[in-house]
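**Student:** Structure, please.
(chains A and B)
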Amino acid sequence: MDFFTDHYNYWVVIFLMMVGLYTVISRGNLIKKVIGLNIFQVSVFFLYISIGTVEGGAAPIITEGVELYSNPLPHVLILTAIVVGVATTALALALVVRIKESYDTIEEDEIHELDHTL
Amino acid sequence: MPWLHWGVIAIVLPLAGAMSCFLWPRRAIPLGLVTALGIVTCVAGLGWQLVEQGAQRYAVGGWGAPLGIDLYADGLSLLMLMATAAVGLGVSIYSIGYFNREKARYFWPLWMFLWAALNALFLSADIFNLYVTLELLGLAAVALVALAGGAEALTGAMRYLLVSLLGSLFYLLGVALLYHSFGSVDIAILAARVESSPAVWAAVGLISAGLLLKTALFPLHFWLPSTHASAPAPVSALLSALVVKASFYILLRLWLEIFPPTSAVLGQLLALLGATAVLWGGLQALRQTRLKMLIAYSTVAQLGYLFLAFPLASITGWTGALYMLLSHAVAKTAIFMAAGNILYFGGHDRIADLDRVVQRLPLTVTAFALAGASIMGLPPSGGFIAKWLLLEAAIRSGQWWWGGILILGGLLSAAWVFKVVGYAFTRSRAPHESRAVPVGMEWSALAMSMVAILLGLFASWPLALMEIGLPFGGKGAE
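**Tutor:** Numbers count the residues shown, from 1 in each chain, chains lettered A, B, ... in the order given. Down below sits the predicted model:
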């Protein structure tokens, strides 16, 4: 049991990752695919942040009387990755809007059918 | 450290160029061209600096690794930067004629962002920075594919975006495992600390899977042909010549520096997939009826050659793969430009209806044939030198069968080049209306194909530049 509770952050990450990956692969709706990718992305972010934790460590802001801090580097890295993630999501949504305008649908199988009949 | 000016400027200049093209869309073309010339000068300056002083490392903002971000330039980065500069200059000139005013104002900022991302990627010395540049590259590339505007291009761009994001996320996950195990993201520090452990193997698997997806190695190539074929011609050239090579560069760099030396099985697997890609891509290319689709499948095949070097693991093998990368970048740019000219001229790219295009666009067809000779690996071209080096490495390491793949792949390439050139001479049933192709587009295609041939005639210069900082030394020399 300890094996599960001690590493619960990994289990959360793995669960979210699988949900995200499954959504990207199984869903035909482009918006759902983008959301699935986002969930996948967030799970990777969680992994980074949780491995930055130091047991008993405080938030990495220098305070008097505190000796032990969490590792701030993963936070910095993920801050960058979040910005990148926002940009890619915005681009994905913009493309979905244009696809909706061209095909009048955002379902992948319907788009394929329209491609063949064009 | 004087080199830092060149390296840092090569990243900052295209960023500044992108912003100014975006802010002054009416002046986008002259601004973009000035920036392109500036970048070429920077890369030349950096090359001169490296020749004089050897490989260089620079801590951005004065913060060294492990806290800060380092830039690192050696022969491998330099040649990638030079290939980017050569292709970039050609595509910049080509695009003046290709895009109308409306499209040009979107093309230039995005293209400058793409160039900045490429330069930053080739100079990065830490694996997280590589992730960021990879994403920047993906963003700019996807937007450029969508620039064609048609329904086909939009779905192509969407598919590309999903694949590209998924690939970078796998890479990011691998980086997390490496960082967790060794407490650093700097390549040099990781190289010193790395040792074989399950976490490292998981990281190697994730990073390789992500990068192979982005490099479109068989069987992960499914997204490439439609995306590369549906993009505008200058963009197709950039994607095939540079963007897929960028993720290959990361894989090569990590393979040489970080991955545990016992990855021989993985090397054999990569080469096997590469060999399949060469044959499958070549056969698929022959079956295509549309010119751009054919060229895109040929890219799948040519990417396969790059992976043949992994089991050989000798300096000659790596040099051959890198030379293949360079000559393919230049030759494929010329071929996509030629295809773009034909499409511009006749309004279609059906191979069977090329309709004596050789008499009307002689320069374009010459460019196509010359670049085709390099793709086939005929002497004296860059492709020939690359295949020769790979063949030598294969025979010397006793794995002659990879050499057989090289020859078969060359025959398949020859078949499609002759097929296209053959149709260029014949008359089609229905004559087509046509519009004149701007002179710059024809000459830039020809110039790129000449560079592909010159790479074969003056091979000793790039080969000497590759040795700066011994990127293939150490582990590769075993």
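**Student:** what's the distance between the nearest residue to B:Tyr98 once chain neighbours are set aside and B:Val91?
**Tutor:** Spatial nearest neighbour of B:Tyr98, excluding adjacent residues (CB to CB, 6 or more residues apart in numbering or on different chains): B:Pro234 at 5.6 Å. C-beta here means a position set from N, CA and C on the backbone, and glycine is covered the same way. Here B:Pro234 is placed at a distance of 5 Å from B:Val91 (CB to CB, to the nearest Å).
**Student:** next one: A:Leu79
**Tutor:** 34 Å.
**Student:** If you count surrounding residues, which of these two has more?
**Tutor:** For A:Leu79 versus B:Val91, neighbours defined as other CB atoms under 10 Å in any protein chain shown are more numerous around B:Val91 (26 against 10).
**Student:** Confirm that that one sits in a strand.
**Tutor:** No - B:Val91 sits outside any strand when classified using DSSP: H, G, I helix; E, B strand; the rest coil, being helix.
**Student:** Name the residue of the stretch 1-150 of chain B that lies nearest to chain A.
**Tutor:** Residue nearest to chain A within the stretch 1-150 of chain B (CB to the nearest CB): B:Glu135, separated by 4.6 Å.
**Student:** buried set for whichever strand or helix holds that residue?
**Tutor:** Using DSSP states H and E, the element containing B:Glu135 is helix B:127-146. By 16 or more other CB atoms under 10 Å in any protein chain shown, the buried positions in helix B:127-146 come out as B:127-146.
**Student:** Beyond that helix, next helix or strand please.
**Tutor:** That would be, after helix B:127-146 and using DSSP H and E, helix B:151-182.
**Student:** Is the helix or strand where B:Ala104 lies positioned near chain A?
**Tutor:** Using DSSP H and E, B:Ala104 maps to helix B:101-123. No - using CB under 8 Å from any CB of the partner chain, helix B:101-123 never reaches chain A; the gap is at least 11.1 Å.
**Student:** for that helix, the distance to its chain's centre please.
**Tutor:** Helix B:101-123 has its C-alpha centroid displaced from the chain centroid by 15 Å (CA atoms, centre = their mean, to the nearest Å).
**Student:** packing partners for that helix?
**Tutor:** The helices and strands touching helix B:101-123, judged by 3 or more CB pairs under 8 Å, 6 or more residues apart in numbering or on different chains; DSSP states H and E, are helix B:3-23, helix B:28-53, strand B:70-73, helix B:75-98, helix B:127-146, helix B:233-238, helix B:244-257.
**Student:** Just the mean pLDDT for the helix ranked longest in chain A, thanks.
**Tutor:** Secondary structure assigned by DSSP state H gives helix A:73-103 as the longest helix of chain A. Per-residue pLDDT over helix A:73-103 has a mean of 92.
**Student:** buried stuff in it?
**Tutor:** A:73-74, A:77-78, A:81, A:84-85, A:88-89, A:91-92, A:95-96, A:98-99, A:102-103.
**Student:** coming back round to it: report the inter-axis angle for the helix holding B:Glu135 versus helix B:101-123.
**Tutor:** Orientation check (axes from the mean of the first three to the mean of the last three CA atoms, to 10 degrees): helix B:127-146 against helix B:101-123 gives 160 degrees.
**Student:** other SSEs contacting helix B:127-146?
**Tutor:** Using 3+ CB pairs under 8 Å, 6+ apart, helix B:127-146 is in contact with helix A:73-103, helix B:101-123, helix B:151-182, helix B:233-238, helix B:244-257.
**Student:** In a markdown table, list the ones you listed along with distance to B:Leu343.
**Tutor:** Converted to a markdown table, the helices and strands packed on helix B:127-146 look like this (distance: least, CB to CB, whole Å):
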| stretch | distance to B:Leu343 |
| --- | --- |
| helix A:73-103 | 21 |
| helix B:101-123 | 15 |
| helix B:151-182 | 13 |
| helix B:233-238 | 7 |
| helix B:244-257 | 21 |
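**Student:** mind checking which helix or strand B:Phe259 is in?
**Tutor:** Per DSSP H and E: nothing holds B:Phe259, as it lies in no helix or strand.
**Student:** Ok, the one 10 residues further on next?
**Tutor:** Remark: B:Leu269 resides in helix B:264-287, with elements defined by DSSP H and E.
**Student:** Quick check: buried residues in that helix?
**Tutor:** B:266-267, B:270-282, B:284-285.
**Student:** Now do it, average pLDDT.
**Tutor:** In the prediction, helix B:264-287 has an average pLDDT of 91.
**Student:** what helices or strands is the helix or strand that that helix is followed by leaning on?
**Tutor:** Per DSSP H and E, the first helix or strand lying C-terminal to helix B:264-287 is helix B:291-306. Contact partners of helix B:291-306 among helices and strands, from 3+ CB pairs under 8 Å, 6+ apart: helix B:224-230, helix B:233-238, helix B:244-257, helix B:264-287, helix B:315-346, helix B:382-396, helix B:401-425.
**Student:** can we see that at 6 Å?
**Tutor:** With contacts defined as 3 or more CB pairs under 6 Å, 6 or more residues apart in numbering or on different chains; DSSP states H and E, helix B:291-306 has these neighbours: helix B:224-230, helix B:264-287, helix B:315-346.
**Student:** who wins for proximity to chain A among those?
**Tutor:** Here helix B:224-230 is closest among those (CB to the nearest CB), at 9.9 Å.
**Student:** average model confidence for that closest one?
**Tutor:** Mean predicted confidence for helix B:224-230 is 89.
**Student:** buried ones in it?
**Tutor:** B:224-230.
**Student:** And for stretch B:289-303?
**Tutor:** Quick answer for stretch B:289-303 (16+ other CB under 10 Å): B:290-303.
**Student:** same deal with stretch B:348-367?
**Tutor:** Buried, per 16+ other CB under 10 Å, within stretch B:348-367: B:349, B:351, B:353-355, B:357-358, B:360-361, B:363-367.
**Student:** any idea which of those residues is least confident?
**Tutor:** Ranking the buried residues of stretch B:348-367 by pLDDT puts B:Asp355 at the bottom, with 76.
**Student:** and the closest residue to it other than its chain neighbours, helix, strand or coil?
**Tutor:** Among residues not flanking B:Asp355 along the chain, B:Ser428 sits closest, at 4.0 Å (CB to CB, 6+ apart). With three-state DSSP as the basis, B:Ser428 sits in coil.
**Student:** Need the pLDDT of B:Ser428.
**Tutor:** For B:Ser428, the predicted pLDDT is 73.
**Student:** ok, now B:Ile250?
**Tutor:** pLDDT at B:Ile250 comes out at 95.
**Student:** about what we covered before: now secondary structure too, for the buried residues of stretch B:348-367, in CSV please.
**Tutor:** Shown next, in CSV, are the buried residues of stretch B:348-367 (three-state DSSP):
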residue, secondary structure
B:Asp349, coil
B:Ile351, helix
B:Asp353, helix
B:Leu354, coil
B:Asp355, coil
B:Val357, helix
B:Val358, helix
B:Arg360, helix
B:Leu361, coil
B:Leu363, helix
B:Thr364, helix
B:Val365, helix
B:Thr366, helix
B:Ala367, helix
